[in-house]
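Participant: sharing a sequence plus its predicted fold:
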Amino acid sequence: MNGLSGADIIGRLERLGAAEAALRGDHDHPGVPRHAGPYREAAVLVPIVERPEGLTILLTKRTDHLADHAGQISFPGGRIEDDDPNPEFAALREAREEIGLLSEKVRLVGRLDFYRTVTGFNITPVVGLVAPDHILTLDPFEVAAAFEVPLTFILDPANHVVQTRELHGRQRSHYVLPYLDWYIWGATAGMLVNLAQVLNGTVGETARA
């Protein structure tokens, strides 16, 4: 998989798109209840940067004062607004607003499975190949930092760890992909595992505990 290219990613996502999208979520793990109320529709961009030295995943760290998922590692994205024609438009709009990523620098290539969070979001992950000459301008209110993770790290199942900790008085399990000083967990980690399984052709396999 070290030689995985943008064309390889497109081919694998096309095969996924030919099948009915599955539904994943925080509730896949023990100790995490399903959200009881209606879900709010959201979209995220899964940005794969086409670096000459190898593909990377672009991620952000949310600022600590935000109402939803403060301080967490995330993809650019947010709620789908009423005037957004589709999740792809919403994902690109949010990426432009949050990190200044211009739409013309992104080639959309497909979607991953829907992902539902315990906080009540139904997320559509939209995958895009990003030109390496893109320029980022972070919104300081929403984004504390942006960084890239080698796709080879994401694809390695040894890095898909399931951890359990106490949260709000109950034991909760979730994915963790610890990379250098970055602690990638929760919904973002779950969607990255989905991406890895699609690209590795191992959809349905479980992570190591």
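Facilitator: Happy to help now that I have it. These figures come from a predicted structure and were not determined experimentally.
Participant: how far away from the center of its chain is the longest helix along the chain?
Facilitator: Longest helix in the chain, counting residues (DSSP state H): helix 186-200. In terms of C-alpha atoms, centre = their mean, to the nearest Å, the centre of helix 186-200 is found 7 Å from the chain centre.
Participant: other SSEs contacting that helix?
Facilitator: helix 6-17, strand 23-25, strand 40-51, strand 73-74, strand 114-116, strand 121-130, helix 151-155, strand 170-179 (3 or more C-beta pairs under 8 Å, 6 or more residues apart in numbering; DSSP states H and E). Any C-beta I mention is one placed from the backbone N, CA and C, and that applies to glycine too.
Participant: repeat the analysis, applying 6 Å as the threshold.
Facilitator: helix 6-17, helix 151-155, strand 170-179 (3 or more C-beta pairs under 6 Å, 6 or more residues apart in numbering; DSSP states H and E).
Participant: which of the ones you listed sits most buried?
Facilitator: helix 151-155 (a mean of 19; mean count of other C-beta atoms under 10 Å).
Participant: name the next helix or strand downstream of that one, please.
Facilitator: strand 161-167 (DSSP states H and E).
Participant: where does the protein have low pLDDT?
Facilitator: Along the chain, the parts satisfying pLDDT under 70 run over 1-3, 16-21, 27-33, 35-36, 64-71, 166-170, 203-209.
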